[in-house]
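Asks: Below are the sequence and a predicted model; questions follow.
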Amino acid sequence: MLPNLDVKILGIAPWTASAHVAEQYRCERIFLAGDAAHEMPPTGGFGMNTGVQDVHNLVWKLAAVLKGLASPSLLDTYHDERQPVARAITEQSLINATSMGRLEQTRKNAGARSEYLNEQGMIFGAAYTSRAIVSDGTEAPHVANPVTDYLPSARPGARAPHVFFQNDGAQISTIDVVGNGFVVLTAGGGRMWAEAVAELAKDHSLPLKTQAIDDEAFMSAYELDASGAVLVRPDGYVGWRSRAMMGDPARTLCDAISTILGRISSRICARSIA
Ligand SMILES: Cc1cc2nc3c(=O)[nH]c(=O)nc-3n(C[C@H](O)[C@H](O)[C@H](O)COP(=O)(O)OP(=O)(O)OC[C@H]3O[C@@H](n4cnc5c(N)ncnc54)[C@H](O)[C@@H]3O)c2cc1C
């Protein structure tokens, strides 16, 4: 305490807690993101985080459409993926606020619930369902409390889990190799997947690369056998997974990318396989 400190108040920014989520995130050329799309009580500190995640989801889709790599329909998946996540986060932020007596009608109850600031499940476990995700038919991992409990999963739609692995003598994370274009993470050597990726990237100017991860922990976390692979989207979410190699890898991968980008499969794939 400095009792004689001369404090000068430069400005005051009043605010009112509210909980609103836009019914639609897109209207033709207009996309809502951040607080324009969702207002939530600050109990949990999710407002800005959710806004940054919105934009992370949107920008690679805009870039792909503007470059002619994806169909404009890819942009509809922005709403489909982000709006349900914002609803869930806003609801939980409101429950936090209520438990802490931050709302007029709950002033007397001042104990934060146990989930408050313990929301790993909601943060890391949020998963997408949309046409830009190719389901592999597996179920979402079951957790006792989806707000607090995070069970890493590489199921399509989930955030690609962090796993450390050795790369050129250095320990790096799977998170370090995704986020710049599409990345195919392969278990084992992944030579056939790497050839398919090189062919696709060259023929279609796709921002696509491969990373071989010959590591048991990776295979276990991503539920792959030694011939399997996952495709991670530019926003770090798993878009497709093949737990083992089946059939022609170039064709399989091409179909997956075509589905995610909303392009006519035959147009993009037929040429590269021919
Ligand atoms: C007390 C409090 C604590 C918080 N703590 C956290 C936290 O710990 N973690 C967290 O993630 N979030 C937190 N938040 C939430 C976070 O502050 C907001 O979610 C975030 O600032 C929203 O950013 P935004 O860019 O979407 O909107 P804003 O920050 O509202 O930015 C919108 C900007 O657009 C400008 N603007 C508006 N209309 C126009 C116009 N017509 N033309 C040009 N410009 C315009 C505005 O002036 C403003 O600068 C907190 C919020 C509060 C109130």
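Replies: Noted; the coordinates are in hand.
Asks: Residue 186: what secondary structure?
Replies: Taking DSSP: H, G, I helix; E, B strand; the rest coil as the rule, one finds residue 186 in the strand state.
Asks: scratch that, residue 116 is what I was asking about
Replies: Per three-state DSSP, residue 116 ends up coil.
Asks: how many other residues sit next to it?
Replies: Close neighbours of residue 116, defined as other Cβ atoms under 10 Å, add up to 19. To be clear about C-beta, it is placed using only N, CA and C from the backbone, and glycine gets the same treatment.
Asks: Tell me who's in contact with the closest residue to it other than its chain neighbours.
Replies: In space, and not counting its chain neighbours, residue 116 is closest to residue 96: 5.0 Å by Cβ to Cβ, 6 or more residues apart in numbering. Taking Cβ atoms under 8 Å, 6 or more residues apart in numbering, we find residue 96 in contact with 41, 43, 44, 112, 113, 115, 116.
Asks: Tell me the pLDDT of residue 156.
Replies: With respect to pLDDT, residue 156 scores 98.
Asks: Make sure I have this right: it is in a strand.
Replies: No - under three-state DSSP, residue 156 sits outside any strand and is assigned coil.
Asks: residues touching it, list them.
Replies: Residue 156 makes contact with 133, 134, 135, 136, 238, 239, 240, 241, according to Cβ under 8 Å, 6+ apart.
Asks: buried subset of the contacts of residue 96?
Replies: Among these, those scoring as buried are 41, 43, 44, 112, 115, 116 (criterion: 16 or more other Cβ atoms under 10 Å).
Asks: Let me know the secondary structure of the residue in the stretch 51-200 of the chain positioned nearest to the ligand.
Replies: At 4.4 Å from the ligand, residue 51 is the closest residue in the stretch 51-200 of the chain, using Cβ to the nearest ligand atom. Counting by three-state DSSP, the backbone at residue 51 sits in helix.
Asks: Run a quick neighbour tally on residue 69.
Replies: Residue 69 has 17 nearby residues by other Cβ under 10 Å.
Asks: if we can go back for a sec, ok, and the closest non-adjacent residue to the residue of the stretch 51-200 of the chain closest to the ligand?
Replies: Once flanking residues are discounted, residue 51 sits nearest to residue 34: 3.2 Å by Cβ to Cβ, 6+ apart.
Asks: now swap in residue 56 and tell me
Replies: Once flanking residues are discounted, residue 56 sits nearest to residue 235: 5.1 Å by Cβ to Cβ, 6+ apart.
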